[in-house]
Structures are given as C-alpha cells and as structure tokens.
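Engineer: here is the input, now give the coordinates:
(2 chains)
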Amino acid sequence: MANHNPFGDGFLTTTLDALTNWARANSLWPMPMGLSCCAIEMMAMAGPRYDVSRFGSEVFRFSPRQSDLMIVAGTVTYKMAHVVKKIWDQMPEPKWCIAMGACSSTGGMFRSYPVVQGIDQFIPVDVYVPGCPPRPDAVIHALMEIQEKIKKEKNTFRDALLSKDHFVDVKTQVEKEKLVLQR
Amino acid sequence: MIREIVAALQAKFGSAIRSVTEFRGETTLLVETSAIVDLCRSLKEEHGFNYCADICGADRFTEEERFEVIYNLTNLEKCLRLRLKVRVGEENPVVPSVTSVWRAANWHERETYDMYGIRFEGHPDLRRMYMPEDFEYYPLRKDFPLIGVPGSIPLPDIDERAQNKHAATRFNSGERI
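Structural biologist: Numbering: from 1, shown residues only, chains lettered A, B, ... in the order given. The predicted structure is shown next:
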C-alpha cells in the first residue's frame, strides 16, 4: 500500500478552520432562553422523540458561560429584554442566536406596550423560526442552518489573532472589568 | 342563599350598599368606597367568604366616577360567589385596602395599582407588579395608547451586530416603530 502521507500513519492534514468549524458546528451548546409557550416546543426538541442530541446539541446549558447558542423562545418584554441582553453578554464568543417563534422574531401578535417588536433590535439574530409556536422539527432545522453557517466560516483564527481587539493591553482590560463591576 | 346574605348586609350597612344587581345568577353589589373594609370583614367573618379570588380595576372613561375596583369573592364551603364594586373619581383615586381582611388582596391590589393608578390606603407595600418601578404611566387606562409610549421603557445596550439596531435607537429616542 502506497503511503501518501509524508508524516506516516496516524496523521491527517487539514486547515485549522476546517477543524474548529467541524468542532463548533457539532457541539453547539444551547442556552435555553425559554420565556413562554415556545419553551415547551424547545424542550420537546431536546427530548427523546425529536432528540437534538443527534446534532450534538443535547446539553442545554443553564449557565451562559458554557453555552454558545442562545435560543430565545418566547415573548420578550421590555422588562425582560434587559435580562436577555445580560445573558447574551455573558456568553463567550463565538456565539449564535435563534429567534424562535413569531414573538421573539417580530413581536408576533403582541403589538402592544410591553413587548419588544423583535429581538434583533438589540441582539444579532442568525436564524428566525416562524410559527406560533414552531414545531420542534422547525427548530432542529434552524439548528442545522446554524451548523451550515458555522461550517462556512473562514479565517476565524487568522482574524482573531491579527485583529487589534485581540491585543488587549492591561489598561483597557482593567477599565472593562471596572465597567462590568459597576453594572 | 345569596339573597339572604344580601338582605343581611343591607340590614347591617343600609345606604352604604348603593345597588344590588343580579345577572344570570351572579350577584353584584355597588358599595360606598368608605364602607368597603367593614363590608368585606363582615362578609368574611359572618358569611364565610374566605377566598378573595380577584381584585381588578376598570376604567369607565368619560363617566362621572371614572375608576371602578371590582372584588370577586368566594365562599368555598357553600360554593357561593359575590361581586363587589366601588367607584372612585379621577382626581384622587384612593380606595381603602382590604389586605387586613384577606392577605391575598396584597398582590391583587398591587396589580390594580400598577395598571390603573388606583392607590390603596393602608396597603403594606404598594409597588408596581408588572411594569418597571420607574414607569410613569398606567397602561390599562383608556387614555394610554395600546402601543405604549416609545422610549418610556428603554431597551438595553444594543449589540453592535444587531440587524435592526436602528429601530431600537429610534424607539429609545421616542419614535414609534
């Protein structure tokens, strides 16, 4: 058998992007931001019948520090929007967001005083899922769309390493932490 | 059964009960505002209305006495229901609190205060129930617009990547979106 690999057996060559995209896409840990009836469908998605663990997302993390996908499932009121944003801010980059259902996408049937008319006003949404509430398979489809999106990402490492944001000097870091503490 | 109770109340409180209406088996008493606590205590202690199911408000905009507070009471042992109503004017909407009679009235009255701005005298902790505490309006009043006052509850800090962030900035500056 001809050995095409210059390093011998047990090695494979790939790009760092392909490897990280593969890992990220297949281990999306969702933050369940369940705010109303959509949350029930979201739970059904995680349950054995629809079984989102087939896509590597079975571990719903109730700590934002450990999750990289926020599923906003339900009606977001202006009062709750502050909580949603705070949890979004606590999630580490890279992170993605699914606006599940009509309410979180556009305000839905609640064109009234307490309801935010679409969460894309204050957090970036990657996939909007229509429905009231959407079926669990629709949410799985949204998850697959996000996986596709992640697989197409390019130069994440190069950009992260070369971007000026990455070279955090000590002074700005201290100031940032002070700001966080003040909140 | 309920008629006997109403007759007993009328004998005890006289003109404090302004009117009695019966519609489809539901009895409603319109009561003087000042007599509501005594009447509620009498209903609880003498007639067994041990469950204050709900207290809510109503805005009868353009009417003489603008606000109405409605008490839905239940006698759980005898399966009786009774509804009380009191009316207050627009200038100084104050109703005596019935928290000393039923502790459940605490949150019901807070909700009514939140939505209509009717204050309950003697309430231990009259804060807003649903809306943020610095909210300036009473949303279930008829003169409050359904879509609300843009910017009255500001959105949180906007993420730079949010697709619709311009709508949020417009909203925060008081524009309708």
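Engineer: tell me how far residue A:41 lies from chain B.
Structural biologist: Applying CB to the nearest CB, to the nearest Å, the value for residue A:41 to chain B is 24 Å. To be clear about C-beta, it is placed using only N, CA and C from the backbone, and glycine gets the same treatment.
Engineer: and that residue, what does it touch?
Structural biologist: Applying CB atoms under 8 Å, 6 or more residues apart in numbering or on different chains to residue A:41 gives the contacts A:73, A:100, A:133-136, A:139.
Engineer: what of residue B:156?
Structural biologist: Contacts of residue B:156 (CB under 8 Å, 6+ apart): A:81-82, A:84-86, A:122.
Engineer: go again using 6 Å as the cut-off
Structural biologist: By CB atoms under 6 Å, 6 or more residues apart in numbering or on different chains, the residues touching residue B:156 are A:81-82, A:85, A:122.
Engineer: and the residues you listed near chain B, which?
Structural biologist: Subset of these in contact with chain B: A:81-82, A:85, A:122, counting by CB under 6 Å from any CB of the partner chain.
Engineer: chain neighbours aside, what residue packs nearest to the residue of chain A found nearest chain B?
Structural biologist: Going by CB to the nearest CB, chain B is nearest to residue A:113 of chain A, at 2.9 Å. Ranked by CB to CB, 6 or more residues apart in numbering or on different chains and with sequence neighbours excluded, the top spatial neighbour of residue A:113 is residue B:148, at 2.9 Å.
Engineer: same check, this time on residue A:82
Structural biologist: In space, and not counting its chain neighbours, residue A:82 is closest to residue B:156: 4.6 Å by CB to CB, 6+ apart.
Engineer: how about residue B:170?
Structural biologist: residue B:177 (5.7 Å).
Engineer: and for residue B:109?
Structural biologist: residue B:120 (4.5 Å).
Engineer: contact partners of the host helix or strand of residue A:102?
Structural biologist: In this assignment (DSSP states H and E), residue A:102 forms part of helix A:101-106. With contact meaning CB under 6 Å, 6+ apart, helix A:101-106 is reached by A:38, A:72, A:75-76, A:99, A:108, A:118-119, A:128, A:131-134.
Engineer: just the buried residues of those residues.
Structural biologist: A:38, A:72, A:75-76, A:99, A:108, A:118-119, A:128, A:133-134 (16 or more other CB atoms under 10 Å in any protein chain shown).
Engineer: ok, which of these also contact chain B?
Structural biologist: residue A:118.
Engineer: and the buried ones among the contacts of helix A:101-106, which of them are in helices?
Structural biologist: residue A:38 (DSSP state H).
Engineer: got the buried ones among the contacts of helix A:101-106 as JSON lines, with distance to residue B:19 and pLDDT columns?
Structural biologist: Formatted as JSON lines, those follow (distance: CB to CB, whole Å; pLDDT from 0 to 100):
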{"residue": "A:38", "distance to residue B:19": "46", "pLDDT": "93"}
{"residue": "A:72", "distance to residue B:19": "50", "pLDDT": "94"}
{"residue": "A:75", "distance to residue B:19": "40", "pLDDT": "94"}
{"residue": "A:76", "distance to residue B:19": "45", "pLDDT": "94"}
{"residue": "A:99", "distance to residue B:19": "52", "pLDDT": "95"}
{"residue": "A:108", "distance to residue B:19": "42", "pLDDT": "90"}
{"residue": "A:118", "distance to residue B:19": "48", "pLDDT": "91"}
{"residue": "A:119", "distance to residue B:19": "49", "pLDDT": "93"}
{"residue": "A:128", "distance to residue B:19": "54", "pLDDT": "95"}
{"residue": "A:133", "distance to residue B:19": "46", "pLDDT": "91"}
{"residue": "A:134", "distance to residue B:19": "51", "pLDDT": "94"}
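Engineer: nearest to residue B:30, of the buried ones among the contacts of helix A:101-106?
Structural biologist: residue A:75 (36.8 Å; CB to CB).
Engineer: now do the same for the nearest residue to that closest one once chain neighbours are set aside: its pLDDT.
Structural biologist: The shortest distance from residue A:75 to any non-neighbouring residue, by CB to CB, 6+ apart, is to residue A:103 (4.1 Å). In this model, residue A:103 is scored at 93, pLDDT.
Engineer: how about residue A:3?
Structural biologist: Confidence score, pLDDT, at residue A:3: 61.
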